[in-house]
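Chemist: requesting a structural model of the entry that follows:
(4 chains)
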Number of protein chains: 2
Amino acid sequence: MSSPTRPTLGQVAQLAGVSVASVSRVLNDLPASAEMAARVRAAVDELGYVPDAMARSLKVRRTEQLALVVADVGNPVYVTMMHAVAAAVRTSGYRLVLSTDQSDPDEEMRILQGLSHGYADGLILSPLRVTDALLTELRQPRLPTVVIGTVPDDLPVDNVRADSARGIGLAVKHLIATGRRSIGFINGPLDTVPGAARQRGFDRAARRLGLDRDECPRIAAQDFTFAAGRLAARELLSAHRPDALVCANDLLAVGVIHELDSMGLKVPQDMAVAGMDDTDLAEMVFPGLTSVSLGSADRGTIAATLLLERIKDPARAPRRVTVAPHLVVRGSTAAPLRVVRDD
Amino acid sequence: MSSPTRPTLGQVAQLAGVSVASVSRVLNDLPASAEMAARVRAAVDELGYVPDAMARSLKVRRTEQLALVVADVGNPVYVTMMHAVAAAVRTSGYRLVLSTDQSDPDEEMRILQGLSHGYADGLILSPLRVTDALLTELRQPRLPTVVIGTVPDDLPVDNVRADSARGIGLAVKHLIATGRRSIGFINGPLDTVPGAARQRGFDRAARRLGLDRDECPRIAAQDFTFAAGRLAARELLSAHRPDALVCANDLLAVGVIHELDSMGLKVPQDMAVAGMDDTDLAEMVFPGLTSVSLGSADRGTIAATLLLERIKDPARAPRRVTVAPHLVVRGSTAAPLRVVRDD
DNA sequence: CTGCGGGCTGAGAACGTTTACAAGAACGAT
DNA sequence: ATCGTTCTTGTAAACGTTCTCAGCCCGCAG
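Modeler: Residues are numbered from 1 along each chain as shown, chains lettered A, B, ... in the order given. Okay, the predicted model is just below:
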């Protein structure tokens, strides 16, 4: 049953026989005589009084809450980020709440509007798509905001980025080193922030490393999920047969591995597979998934730090930090025996 | 940069040359002359006014927010639940925020206190451990609350439960049907809600199905994670060698499979493994993980429904619903060829 | 004996909304 | 012309806090 009516400061004051101001003072550890403090606390206990956060926030213009909004909690990369953010925020006294927009820009805007107009003192968001609506919102942020993921340079918000282009380069280079020549790319939707960045990254890497464009089939999956990965793999493999596949994230990669399995292709013997994000999933799967880490935990930590600093000094110039990728090699890209024999 | 000072209702009113009441009215779609509405909207746009959620909530005693607090977003079962809750809540007009207590009861209390005293109109929580502090809090909930997971019957909150005892029974029965006789149990910590329930469930199932207690080694992992699963498996297998292992959740099960792999044991030939929760992970792993579904999505949906209904009618008697488990069979418990030959 | 600094305390004004109430305008009916 | 109705609008009181003031009482120095 919900409270009949919650006790208020006034009722406590009345019961203790003091003024509301005094009650407020003892509750906030401001100077007060021991005798009165005791009376007040007794009254508080008796009534089971607990301060109304809403009223307090209205007065002090602070909620003590930070919000993290991500596209999809189902994607383990966001879980990693969230853990990092939570850890970084823990000692600051702020509570952290998470919102997920289900990859839906409209929903994201709703959340953003709701949050930024009251319920949080700061915002970390990692948008999947940056719409015009989002941009205009970000152009005049109503509260300290940091965005994870690449956004236009002139946006007056702190920004932490991954270097997925270089990351993909690492993966491609590694695959070449293990003897693969024809490398396919399974991306997520191209109209997303990471999708676009990774597409550019793959194209650049392929060009720089001298791969034949025709031997590098590309496909964009419906979204960044397991199921979409399977579908995309099936489609790509119906027309091409590269000897390695780079996937735009781990979820896609695992889907791809499953599709390969059901086609009777062995990883890594018949096809090497690399993922991206180096999530927990990469080491849960068989064979272990080689994955390029985009530093999601670091990005989370940095984002949290930037946010906290900005809250402290709202006037500071927005900063932009990029975290370096690195490759984590596991079984899914081991050199096929065939290559060894061919030598 | 954050707002210099946000425009208020008063400023809009002044600019539009009307009273604050009128502005409030047009903003809330209450009757007003078209002419005035237009003037007000113009002023709103010009100032970029957006209502202060805090002040509004203080007045109307509503935040339009619901909170879901779970132990660990890293556990895919909570992700499933959250999706279900989000879907169920979507059309209600409430925003959903997620909090995670990192399996830390103190943190959970902090969140609970914070949330229940201001920032949410309703609460769904799925506590890992129920401490005394939590119980006393739940005994007089300050706002509509539903808890997912078994709690004492006399708690005046809505409660949705899984039937893990029966669930484990299904798994054990299935393993017996596939020819296994010696079945081990890898549980999570016994001092957690699911840990305790699943322990009772396994004991009961083993007894009912006539298993020899000595052939059913049990162990409690450190927590419900992948890493803890590996460790627990190693320890259990150093002393026993059952032919099947039931695990208290999918994360543990996947850890167990990894440990088996590194010991050179094949799943399901040398050892069958069953998980619990039937999360996405179960079908991402090789071999596919047989898992007993505890209906996490359903529990989420039901919890959301209960909450919404309670908000509508705070006086209604608390309800208790239990969702039935079912077994999802995959490769990890396929009958070993050996058994076929033995016949 | 007067004046003055200092610790405690209370009155009351904010914070930015919503909303009950009342006042006025417009209009048709008597 | 007068009297309701109805429609629109403004005034002001909340909502539950925090916090600035000013007042009080006390002791102590001049």
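
Chemist: please enumerate the strands of chain A.
Modeler: Using DSSP state E, the strands of chain A run over residues A:65-70, A:95-100, A:122-126, A:145-148, A:158-162, A:183-187, A:218-220, A:244-247, A:272-276, A:290-293, A:320-323, A:326-328.

Chemist: elements contacting the first one?
Modeler: For strand A:65-70, the packing partners by 3 or more CB pairs under 8 Å, 6 or more residues apart in numbering or on different chains; DSSP states H and E come out as helix A:76-90, strand A:95-100, helix A:105-114, strand A:122-126. No exception for glycine: its C-beta is placed from N, CA and C like everyone else's.

Chemist: go through these and name the closest to chain B.
Modeler: Chain B lies closest to strand A:95-100 among these, at 4.1 Å (CB to the nearest CB).

Chemist: could you dump the closest one to PDB, C-alpha only?
Modeler: This file holds the C-alpha atoms of strand A:95-100, laid out as PDB (Å, rounded to 0.1, in the frame of the first residue of the first chain):
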ATOM      1  CA  ARG A  95      23.400   8.200  -8.300                       C
ATOM      2  CA  LEU A  96      23.500   6.800 -11.800                       C
ATOM      3  CA  VAL A  97      20.400   5.900 -13.800                       C
ATOM      4  CA  LEU A  98      20.300   4.100 -17.100                       C
ATOM      5  CA  SER A  99      17.900   4.700 -19.900                       C
ATOM      6  CA  THR A 100      17.700   2.800 -23.100                       C
END
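
Chemist: taking helix B:105-114 as reference, get the angle to it.
Modeler: For strand A:95-100 against helix B:105-114, the angle by axes from the mean of the first three to the mean of the last three CA atoms, to 10 degrees is 80 degrees.

Chemist: buried sites along strand A:95-100?
Modeler: Under the neighbour-count criterion of 16 or more other CB atoms under 10 Å in any protein chain shown, strand A:95-100 has A:95-100 buried.

Chemist: avg pLDDT for it?
Modeler: Strand A:95-100 shows a mean pLDDT of 90 in the predicted model.

Chemist: also stretch A:69-82?
Modeler: On average, stretch A:69-82 scores 92.

Chemist: residue A:258 versus the residue of the stretch 151-300 of chain A found nearest chain B, what's the distance?
Modeler: Residue of the stretch 151-300 of chain A nearest chain B, by CB to the nearest CB: residue A:286 (4.5 Å). Residue A:286 sits 11 Å away from residue A:258, going by CB to CB, to the nearest Å.

Chemist: neighbours of residue A:231, how many?
Modeler: 17 (other CB atoms under 10 Å in any protein chain shown).

Chemist: same check on the one 4 residues further on?
Modeler: If you count neighbours by other CB under 10 Å, residue A:235 ends up with 15.

Chemist: any weak-confidence spans in chain A?
Modeler: Chain A contains residues with pLDDT under 70 at A:1-4, A:337-343.

Chemist: mind listing what the residue nearest to the spatial centre of it touches?
Modeler: Most central in chain A under CA atoms, centre = their mean is residue A:78, positioned 3.9 Å from the mean C-alpha point. Contacts of residue A:78 were listed using CB atoms under 8 Å, 6 or more residues apart in numbering or on different chains, and they are A:70-72, A:126, A:296.

Chemist: ok, back up a step: which one of the strands of chain A lies nearest to DNA strand C?
Modeler: strand A:65-70 (17.3 Å; CB to the nearest atom of the strand).

Chemist: the closest one to strand A:95-100, inter-axis angle?
Modeler: Using the same axes, to 10 degrees, strand A:65-70 lies at 30 degrees relative to strand A:95-100.

Chemist: buried residues in strand A:65-70, which are they?
Modeler: For strand A:65-70, burial by neighbour count (16+ other CB under 10 Å) applies to A:65-70.

Chemist: neighbouring contacts of stretch A:47-55?
Modeler: Contacts of stretch A:47-55 (CB under 8 Å, 6+ apart): A:6-9, A:11-12, A:15, A:27, A:43, A:63, B:54, B:57-58, B:63, B:113-114, B:117-119, B:140, B:142.

Chemist: apply 7 Å and report the result again.
Modeler: With CB atoms under 7 Å, 6 or more residues apart in numbering or on different chains as the test, stretch A:47-55 has contacts from A:7, A:11-12, A:15, A:27, B:54, B:57-58, B:114, B:117-119.

Chemist: near DNA strand C, which residues of the stretch 1-150 of chain A?
Modeler: A:17-22, A:25, A:31-33, A:35-36, A:55, A:58-59, A:61 (CB under 7 Å from any atom of the strand).

Chemist: list the buried ones in stretch A:108-125?
Modeler: Of the residues in stretch A:108-125, those buried (16+ other CB under 10 Å) are A:108, A:111-125.

Chemist: is any residue of it near chain B?
Modeler: Yes - counting by CB under 7 Å from any CB of the partner chain, chain B has neighbours in stretch A:108-125: A:111, A:114, A:117-119.

Chemist: quick check, nearest of those residues to DNA strand C?
Modeler: Using CB to the nearest atom of the strand, the residues of stretch A:108-125 next to chain B come closest to DNA strand C at residue A:117, 8.4 Å.

Chemist: I'd say the closest one and residue A:141 touch.
Modeler: No - counting by CB atoms under 7 Å, residue A:117 stays clear of residue A:141, with 11.5 Å between them.

Chemist: show me the helices in chain A, by range?
Modeler: Counting by DSSP state H, one finds helices in chain A at the ranges A:9-16, A:20-27, A:34-47, A:53-60, A:76-90, A:105-114, A:132-139, A:164-177, A:193-208, A:226-239, A:250-262, A:281-284, A:296-312, A:337-342.

Chemist: relative to residue B:292, which of the ones you listed is closest?
Modeler: Proximity to residue B:292 (CB to CB) singles out helix A:281-284 among those, at 19.2 Å.

Chemist: look up how far DNA strand D lies from residue A:28.
Modeler: Distance of residue A:28 to DNA strand D, computed by CB to the nearest atom of the strand, to the nearest Å: 6 Å.

Chemist: I should have written residue A:116 there, sorry.
Modeler: Relative to DNA strand D, and taking CB to the nearest atom of the strand, residue A:116 is found at 21 Å.

Chemist: and the closest residue to that residue other than its chain neighbours, how many neighbours?
Modeler: Nearest residue to residue A:116, sequence neighbours excluded (CB to CB, 6 or more residues apart in numbering or on different chains): residue A:142, at 4.6 Å. For residue A:142, the count of nearby residues is 18 (other CB under 10 Å).

Chemist: and for residue A:336?
Modeler: 21.

Chemist: check contacts around it.
Modeler: With contact set as CB under 7 Å, 6+ apart, residue A:336 has these partners: A:179, A:268-269.

Chemist: and the buried ones among those, selectable in ChimeraX?
Modeler: Per 16+ other CB under 10 Å, the buried members of these correspond to this ChimeraX selection:
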select /A:179,268
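
Chemist: wait, which of the contacts of residue A:336 is closest to DNA strand D?
Modeler: Among the contacts of residue A:336, and counting by CB to the nearest atom of the strand, the member closest to DNA strand D is residue A:268, at 61.0 Å.

Chemist: surely the closest one touches residue A:332?
Modeler: Yes - judged on CB under 7 Å, residue A:268 makes contact with residue A:332 at a distance of 5.4 Å.

Chemist: what is in contact with the two at once?
Modeler: residue A:287.

Chemist: end-to-end on stretch A:66-82?
Modeler: Terminal residues of stretch A:66-82 lie 12 Å apart, using CA to CA, to the nearest Å.

Chemist: tell me the residues of the stretch 51-200 of chain A that contact chain B?
Modeler: A:51-55, A:57-58, A:65, A:73-74, A:79, A:82-83, A:86, A:95, A:97-100, A:102, A:111, A:114, A:117-119, A:141-144, A:156.
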